[in-house]
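Peer 1: make a model of this:
(2 chains)
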Amino acid sequence: MTTREFDGVQLERVREFVWEIPQENGMGVPARVLASEALLEQIGDDKTLRQLKNAAHLPGMTGHAICMPDGHQGYGFPVGGVGATDAETGCISPGAVGYDINCGVRMMTTSLTYDDVRGREEELVEALFANVASGLGGGGVIDGDMDTVEAILERGVDWAVEAGWAVHDDLEHCEDEGRRPDADPGAVSQKAKDRGKNQLGSLGSGNHFLEIQRVTDVYRDDVADAYGLEPDRIVVLIHCGSRGLGHQTCTDYLRKIEKRHGDVLADLPDKELAAAPAGSELAKDYYGAMCACINFAWVNRQLIMHRTRQVFERVFDRSWEEMGMSLLYDVAHNIVKKERHRVDNEKRELYVHRKGATRAFPAGHPEVPAAYRDVGQPIIIPGSMGAGSYVLRGGDESMERTFGSTAHGAGRLMSRTQAKQEFWGETVQDELRDQNHVYVKAQSGATVAEEAPGVYKDVDEVVRVSDALGIGDRVARTYPVCNIKG
Amino acid sequence: MTFELRSHTADVAVSATGATLGEAFAAAADGLAAATCDDIPDAGGRFSLTVRAEGPEALLFDYLDRLIYERDVRGVLPADNEATIHENENADGWVIEATARGVPLGAVDAREVKAVTYSEMRIDRVDDGWEAYVVLDV
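Peer 2: Numbering: from 1, shown residues only, chains lettered A, B, ... in the order given. This next block holds a predicted model:
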């Protein structure tokens, strides 16, 4: 048997791209890493594997604690981690979702081609930057009040349709039709709402961005056709989350659970994994609050998408409908959801925590929107500014292997502090423009340096592993044209 | 009191020291500001805050969380932090009395720190005072 060891953590090769950390010392289940040799070397280089072992301690864990091919060290639960706990006897852990609840990605397709945009990149990037709030303290697409925040938390994208920021077609191409039925706005604190009020329709900063991209490759014609993707077409990718409202909600519940369920925490190796037992009042409250934050994040991305339509209308002097600007799909990659999965030949209700991992339901699954049920759920994997992104579809093996999940991006390789020593924001911007024809505009040069293409893992390799394992199949590849960020 | 920003794959860690626990916490808060912004201008007025928690780690967590909240709600970057800490016999017996200079966000090129985390948090007494280590979610 092939084995590997990184910093005292032993892994056994189960089959190609599947590595197992045996169950030991307090782990409720074994852990698995889905990676090629090259990716495993990178995953083993920081504390990812130790954090994955820690995650396997959560009460009621089922199957395996799993690390996706783009996994890297986070706080508590690793980024790229998937953990399913029993919804009756297990637990729910805010730290296994992350602070940015429903951080996610949406892609909008258009009928424009690269030729329509070429030569107008600077105009487009300036117009987007001027009209979509990014960075810190820049407000949002709309000036919200508390009633608006409450309505968004309760009704999600339904609110946006009524307020003129979405059309019905957008609902049909969003998970849960853009509204989480379990949302409980009353479980979201006033502090969280205070923070969200000023940020309705804003990107934030860090690795969040809005990108105009062109489709460069199509790998599965039938699926690409169903998704409205063909070579040379322009698409828009938006990556952001629930902003301060979600960050505060995670913080609030982490502290409440730490205080109320200290007995559970005493058996966990990291305080950041604090968990509320399934069925407890705090498990119910956190789940309701988190679902409300999911609604908030969907509306946040919807507002930015609709504002982008308006910007395109001004730049190209045509209506957005004429330019075929339609939502392809919106995926969450920091989330916990109650889902039914087959475990040991028995259907069980589980809390599936995905932190830096994307749901990847295959064709035929009843929770895939009707528009895509025949081909599988779209998955959007954002890459770096220099490497491009991928659209996948949920693979046939995902339910069996990963509780219906796959990767969420390229995965960071280099720390932000090191990136700022290695790269200079302006130089990165100039090189991307002159060598790659990618136009970048950011609030902060430091953000560009921290997000330089060289700080990320090889997204091609991440996607190759996902495709080979049959958890998320390659459909198309896109390459950036313009990028705005905080 | 001093701080250093330390490498972390996805996020940023702050290592802070101070002659007193309050100074170490204030230095960690200055690290939070530095993780947000490279050059902090001399602008903005001071504001004060009081935070209570059940122990020193919880207090550091809640103090930095409060500064992040004030940042978003007041629209200012809390800088030049000063703090004193005392302990009493109440349930939330650890108390920090702090002040900060609120630099208007419009005056800085700032990027967002999302939250404070407990991950790898350490608060240690050392020969000449206190050390605190905290990972911030960026």
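Peer 1: for chain B, what are the nearby residues on the stretch 301-450 of chain A?
Peer 2: A:412-418, A:443-447, A:450 (CB under 8 Å from any CB of the partner chain). No exception for glycine: its C-beta is placed from N, CA and C like everyone else's.
Peer 1: tell me the centre residue of chain B?
Peer 2: Nearest to the geometric centre of chain B sits B:A29, at 2.2 Å (CA atoms, centre = their mean).
Peer 1: now do the contacts for it.
Peer 2: B:Y63, B:L64, B:L67, B:P78, B:N81, B:A83, B:A98, B:A100 (CB atoms under 8 Å, 6 or more residues apart in numbering or on different chains).
Peer 1: re the thing from before, the residues of the stretch 301-450 of chain A next to chain B: which two are farthest apart?
Peer 2: A:L413 and A:Q443 (23.8 Å; CB to CB).
Peer 1: more neighbours: which of these two?
Peer 2: Neighbour totals were compared for A:L413 and A:Q443, and A:Q443 leads with 24 against 18 (other CB atoms under 10 Å in any protein chain shown).
Peer 1: surely that one touches A:A133?
Peer 2: No - here A:Q443 lies out of contact with A:A133, judged by CB atoms under 8 Å, at a distance of 9.6 Å.
Peer 1: low-confidence ranges in chain B?
Peer 2: Counting by pLDDT under 70, chain B shows no low-confidence range.
Peer 1: residues from it in reach of chain A?
Peer 2: Applying CB under 8 Å from any CB, we find that chain B lies next to chain A at B:5-12, B:36, B:38, B:54, B:57-58, B:61-62, B:65, B:68-69, B:71-73, B:75, B:77, B:105-106, B:109-112, B:114-121, B:135, B:137-138.
Peer 1: what about the residue of chain B most remote from its centre, which SS state?
Peer 2: Largest separation from the mean C-alpha position in chain B: B:E89, at 24.2 Å (CA atoms, centre = their mean). Of the three states, B:E89 takes coil under DSSP: H, G, I helix; E, B strand; the rest coil.
Peer 1: next one: phi and psi at it?
Peer 2: According to degrees, to the nearest 10, the main-chain angles of B:E89 amount to phi -100, psi 0.
Peer 1: and for A:A419?
Peer 2: phi -60, psi -40.
Peer 1: my read is that it contacts A:P453, right?
Peer 2: No - with contacts counted by CB under 8 Å, A:A419 stays clear of A:P453, the gap being 10.6 Å.
Peer 1: excluding covalently adjacent residues, which one is nearest to A:L128?
Peer 2: Nearest residue to A:L128 in three dimensions, chain neighbours excluded: A:I484, at 5.1 Å (CB to CB, 6 or more residues apart in numbering or on different chains).
Peer 1: quick one: contacts for that neighbour?
Peer 2: Contacts of A:I484 (CB under 8 Å, 6+ apart): A:V125, A:L128, A:F129, A:V132, A:S134, A:L203, A:F209, A:L210, A:E211, A:V440, A:K441, A:A442.
Peer 1: what about it, distance to A:L328?
Peer 2: As defined by CB to CB, to the nearest Å, A:I484 lies at a distance of 20 Å from A:L328.
Peer 1: try A:S389
Peer 2: For A:S389, the distance to A:L328 - CB to CB - is 12 Å.
Peer 1: swap in A:D344?
Peer 2: 36 Å.
Peer 1: so those two - more neighbours on which side?
Peer 2: Remark: of A:D344 and A:L328, A:L328 carries more neighbours, 20 against 7, as counted by other CB under 10 Å.
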